[in-house]
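Novice: fold the stuff below for me.
(one chain, ligands or ions: 1)
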Amino acid sequence: MRKKIVAGNWKMNTTLPEAKELAIAVAEKSAQVPASVGLIVAPPFVNLNCVGHKLEGSRVELSAQNCADHTSGAYTGEVSADMIKAVGCKWTILGHSERRQYYGETDEKLVVKTRLALEAGLGVILCVGENLDEREAGKHFDVVTGQTKAVLYNFTAEDMKNIVIAYEPVWAIGTGKTATAEQAEEIHACIRRVIADKFGAAVADDMTILYGGSCKPSNAKELFAQPDIDGGLIGGAALKADDFIQIALSF
Ligand code: PGA
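Specialist: Numbering: from 1, shown residues only. Next comes the predicted model:
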């Protein structure tokens, strides 16, 4: 049985006091969520340490939102996978569309980052997704297939055990527009086929594939009911502990 996961991407939100408060609330409320659902939060780098302490004793796991494409050295402003691991993270998000769009993250860089993250002992939440132009041009399957292959086909079936894929249609992120359950499901099924083509049906069947893009308490149930949607990567709604937990209760 593949793992269900609800992960909160706090993005560039929460000052230290706000992060503490949100972490305490999520940790407390997480007891309501069945153990079969993995819970992850990804605060900004600067708040990882403190949030990690606030999550102690709960089963909420800590994630970074990105990691460097080098191990250490003269790379001002960057944070390495080893640093992320040492601060208590189990995960890092990689390839979020905001990183691809605003910070020049390429598939080539993501191969390097994924390798370094796995070598550091982190799990990777790899994001893929098409933008509005690509969807309107009917290229969404090609884009998502291309992004998935370009990164993951460089890794092994063993590596796949530590990788989660998040499908995030860019046009649905932070816009209030959600992909319909059918639109999301057909892409998730496509991603699973791409994994099966290279790594076999058993690996594909075990792969957790999350949906992201204006996922909220009111639509999570319908999305999570789809056979190939194994949870969510949540942005805006993860900033309210009640909404985040409500989403995690939507399986
Ligand atoms: P959103 O963000 O839920 O605010 O649309 C999702 C994400 O980018 O992870």
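Novice: so what's the residue count around Gly146?
Specialist: The tally of other residues near Gly146 (other CB atoms under 10 Å) stands at 15. C-betas here are computed from N, CA, C, even on glycine.
Novice: no, scratch that, I was asking about Val60
Specialist: Around Val60 there are 23 other residues, counting by other CB under 10 Å.
Novice: confidence score at the residue nearest to it when sequence neighbours are not counted?
Specialist: If you skip the residues right next to it in sequence, Val60 has Leu39 as its closest partner in space, 4.6 Å away by CB to CB, 6 or more residues apart in numbering. We note a pLDDT of 98 for Leu39 in this prediction.
Novice: just the element for Leu39, please.
Specialist: Under the criterion DSSP states H and E, the helix or strand holding Leu39 is strand 37-42.
Novice: least trustworthy helix or strand in this protein by mean pLDDT?
Specialist: Taking mean pLDDT, DSSP states H and E as the measure, helix 132-136 is the helix or strand of the chain with the lowest mean score, a mean of 93.
Novice: which parts of that helix are buried?
Specialist: Within helix 132-136, the residues that qualify as buried by neighbour count (16 or more other CB atoms under 10 Å) are 134-135.
Novice: can you point out the buried residues in the helix or strand following that helix?
Specialist: Where DSSP H and E defines the elements, the next helix or strand beyond helix 132-136 is helix 140-152. For helix 140-152, the neighbour count (16+ other CB under 10 Å) marks 140, 143-145, 147-149, 151-152 as buried.
Novice: who's in contact with the residue in the stretch 1-150 of the chain that the ligand sits nearest to?
Specialist: In the stretch 1-150 of the chain, no residue comes nearer to the ligand than Asn9, which is 4.1 Å away by CB to the nearest ligand atom. Listed by CB atoms under 8 Å, 6 or more residues apart in numbering, the contact partners of Asn9 are 42, 65, 93, 96, 212, 233-235, 238.
Novice: Thr208 now?
Specialist: Neighbouring residues of Thr208 by CB under 8 Å, 6+ apart: 2-5, 164-165, 230-231.
Novice: just to revisit the earlier point, now, the contacts of Asn9 that are in helices?
Specialist: Members of the contacts of Asn9 lying in helices (criterion: DSSP state H): none.
Novice: give the PyMOL command for selecting the buried subset of those residues.
Specialist: The following PyMOL line selects those of the contacts of Asn9 that are buried, judged by 16+ other CB under 10 Å:
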select buried, resi 42+65+93+96+212+233+234+235+238
